[in-house]
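*Asks:* everything below, folded, please.
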Amino acid sequence: MKFGDYLATHAIPEWRSAYLDYEGIKEILEEIEEYFPEQQQQPNQPPLSEAMRVQRRSLRAYKIERTEQGRRVTELISTDIRRINDFFNQQLTTAKERLQQLQASLVELQNLQSGRANPTVTPAGARPGPLGLGRRVVRVLGNLSLFSERERKETAVRQAFLEYYRNLDLIRAYLQLNETGFRKILKKFKKVTGIDRSDLWQQVLNLSVEANQALLDLIGRTEHTFIQQLCNGDRRAAMRQLRVPENRFEEMDWRTLFAGASLGVFIVSILIISTAVGLSSITRNPNLFPMFRMMRGLLTPVLFSGLVGINMYIWSKYNINFPFIFELDLRSRFRPTDLFCISGFLGLVWCACTLMYIFQGILIIIPSPYPPLLFICTMFAVLFVPLNIFREGRIWLLRTIGRCLLAPFFRVTFSDFWFTDQLTSMSIFLLDFEYAICYLAIDQYRTVPQCYSVRTGIRPLISAWPFVIRILQCFRRYFKDSLHDTHAVRVSNLWNAGKYFTGIVVITFSSLSAGFKEVAATPYDTTNFFMIAFWALAAVINTSYSVWWDVVKDWGLFSATTSWPYLRPKLTYSPMVYYVCLVLNAILRLAWTISLSVGFFEIWFSDGLILILMVVELIRRCLWNFFRLEHQHLTNCENFLAVRNIPLPFEYLPSQEMEFGTFERQEALKEERELAEGTVRNTLSPAEEETDEIQGRTVPGTAV
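*Replies:* Just a heads-up that it's a prediction; the model follows:
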């Protein structure tokens, strides 16, 4: 692999603009090589002497050095050396300040255990004034927790240390890759021009020694603190937690094999189901439509998990750092094949349940109408099974669902509002899931079915529930989370809430129209006509509002300064992909607005139309995810955000700072007491420590 491709693959995506401009310098060198080709020895000419060849190379180097391209290459290399060194110093300064905060939090944890308070830090959130409703709720929930206050705060500090150590690893990788880039580009510069710029390489080496010494000292202090304070001196256990495993590409594993096999079985099963429904007598079964409605909605988790797996695969291919955006733990990476496995397994169970119902006269395994209940139990078993199978993804999903349910009381993260946006596309799944529970529990025993009626108000509330959560999240971001942002950013949260409010208006008018239709003497009286007219107006407003917000706000398109009309300066995918998806999003948005209401209207064979609209909306949401994550990733790149800044349970008072060296002095006194008592724990022999150091990070090599 050429180094240019290697650099593009292994560079930290959020810091890409801070790396050596290897490709730019290489293009200039190629221009020099084209304008000043080396003279080749002709076959009929006598061989030149060594002195003549040296003279020719010196003359060519003299000419190149005085050209604009030659001076430009030297200036670019010198500028990149200074720029990379400045970026490293900035990151190092921030890292030192963060380490001081982490050490102060550890001191406060020790004081908390011994019952003493440290005046340099205060508990996070302990500000003057009465507690708000959200803090009171959080405090009550915290008091009901099985963990002590110190354990909760120690967990927060531990997570902050792990993320901080990953930041140091990224800085080290950044230095090493740039050092390799400078070495290769200077070597190529000498090969093409014949000019020896050993002074630039010496400048790189001088900066390498200083940078590596400062970084290694910081890494050593971090490891020592984490080992002694949070792992009781167990170095092996500490390094197992600190180090992020390499993201090795596996060409074939059991996940890929299972996902491919289940996809093939699922497609064949769908063909069998379609053929069996058309040829069998099941269409005359009185509970066909209830079964169709239940199994239709339960197909959503199968399709959604597979489509999100496709999203993750494309994001990985284009170096979009979705684990960082979704706050996933890189030490137990959740891969796209994991979602494909979940989708394949649920798809097989869904097909099995459907075939049980179709061939219920032959396969007397689960009597009708209980196959949907089997799938629901399987779905919850996959989510809550206490096994170490896809554990990271399941914990992330449960945590995100909990934060969405308590939207006003917690800080809204990207994962929270992204998942709630996915729920707004699953209104059909939520309605059909409610119908399945109602039918299995009550409606199958009634003479007159009532679960599909809107007069109770339950179905409209369930359909509007994701929109209400999204509005509450927008209010939370406006009143609480974005106080330090600009006025325009804060107000945009209110405009975003207005978009979701128009969706609630669409649901309201469609529900009212359906309710009037159920009680009216004639299907289309005057009142119902006005309700349909108001619904149509609300649908047009909601569709226009949503399309504009998707394109301008969520995707960041329609920028004024761009070479591609209606797009943005930085593009990850092909420009034609954006144009095609712009048109598809506008068309499919209208279909999504109709899907919010067609189930209430009962028109145009609503059950079959809703199935088509459900699949179309899931595909549209999959396309939306591509560009939404891309825009968020580009925003992180502009701000050089590559690691999370995990809030600490303690924070500095503005007027006080920890005296430098306080933590180190306390550590030295503690070690002296442990040595005197003979309680220092050492789990590695000297040979094992040396092996561990070589396999780890202690010998990272030189860097800028």
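*Asks:* name the helices or strands packed onto the top helix by length along the chain?
*Replies:* Ranked by number of residues, the top helix in the chain under DSSP state H is helix 68-114. Applying 3 or more C-beta pairs under 8 Å, 6 or more residues apart in numbering; DSSP states H and E, one finds that helix 68-114 contacts helix 22-35, strand 121-123, helix 149-193, helix 198-230, strand 650-652, helix 662-677. Every C-beta, even on glycine, is put in place using the N, C-alpha and C of the backbone.
*Asks:* worst mean pLDDT among those?
*Replies:* Of all these, the segment with the smallest mean pLDDT is strand 121-123, scoring a mean of 49.
*Asks:* now Lys96: how far from Ala211?
*Replies:* From Lys96 over to Ala211 the distance is 14 Å, taken as C-beta to C-beta, to the nearest Å.
*Asks:* when the two are compared, which one has more neighbours?
*Replies:* Ala211 (23 against 13; other C-beta atoms under 10 Å).
*Asks:* Glu14 against Thr635, yeah?
*Replies:* No. Glu14 is beyond contact range of Thr635, at 9.8 Å (criterion: C-beta atoms under 8 Å).
*Asks:* looking at the two, which has the bigger crowd around it?
*Replies:* Glu14 (21 against 13).
*Asks:* which SS state does that one fall under?
*Replies:* helix (DSSP: H, G, I helix; E, B strand; the rest coil).
*Asks:* then Arg411?
*Replies:* coil.
*Asks:* next one: Asn388
*Replies:* Using three-state DSSP, the three-state assignment for Asn388 comes out as coil.
*Asks:* all helices for the stretch 551-700 of the chain, in order.
*Replies:* Taking DSSP state H, counting those that start in this stretch to define them, one finds helices in the stretch 551-700 of the chain at 575-595, 598-601, 606-638, 662-677, 686-695.
*Asks:* buried ones in the longest one?
*Replies:* The one in question is helix 606-638. By neighbour count on 16 or more other C-beta atoms under 10 Å, the buried set for helix 606-638 is 606, 609-611, 613-614, 616-618, 620-634, 636-637.
*Asks:* same check, this time on stretch 23-31
*Replies:* By neighbour count on 16+ other C-beta under 10 Å, the buried set for stretch 23-31 is Ile25, Lys26, Ile28, Leu29.
*Asks:* count the neighbours of the nearest residue to Asp607 once chain neighbours are set aside for me.
*Replies:* Nearest non-adjacent residue to Asp607, counting by C-beta to C-beta, 6 or more residues apart in numbering: Phe292, 5.8 Å away. Neighbourhood size, Phe292 [other C-beta under 10 Å]: 17.
*Asks:* just Glu392 next, same as before
*Replies:* Residues contacting Glu392 under the criterion other C-beta under 10 Å number 17.
*Asks:* ok, now Ile32?
*Replies:* Residues near Ile32, counting by other C-beta under 10 Å, number 18.
*Asks:* going forward, the N-terminal residue is numbered 29.
*Replies:* All set: I'll call the first residue 29, so the last point we hit is now Ile60.
*Asks:* that one contacts Ile223, correct?
*Replies:* No. Assessed by C-beta under 8 Å, Ile60 is found out of contact with Ile223, at 10.2 Å.
*Asks:* hey, what's in contact with both of those two?
*Replies:* Common neighbours of Ile60 and Ile223 (criterion: C-beta atoms under 8 Å, 6 or more residues apart in numbering): Ile92, Gly98.
*Asks:* and stretch 225-241, how far from the chain's centre?
*Replies:* Centre-to-centre, stretch 225-241 and its host chain are 37 Å apart (C-alpha atoms, centre = their mean, to the nearest Å).
*Asks:* same question, stretch 454-474
*Replies:* Distance, centroid of stretch 454-474 to centroid of chain: 33 Å (C-alpha atoms, centre = their mean).
*Asks:* kindly report the same for stretch 561-572.
*Replies:* Distance of stretch 561-572 from the chain centroid (C-alpha atoms, centre = their mean) equals 33 Å.
*Asks:* and it, C-alpha only, in CSV?
*Replies:* Provided in CSV are the C-alpha atoms of stretch 561-572 (Å, rounded to 0.1, in the frame of the first residue of the first chain):
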residue,chain,number,x,y,z
ALA,A,561,-59.2,19.5,4.4
PHE,A,562,-57.4,20.6,7.5
TRP,A,563,-55.5,17.3,7.5
ALA,A,564,-54.4,17.9,3.9
LEU,A,565,-53.2,21.4,4.8
ALA,A,566,-51.3,20.2,7.8
ALA,A,567,-49.7,17.4,5.8
VAL,A,568,-48.4,19.9,3.2
ILE,A,569,-47.0,22.1,5.8
ASN,A,570,-45.4,19.2,7.7
THR,A,571,-43.9,17.8,4.5
SER,A,572,-42.4,21.1,3.4
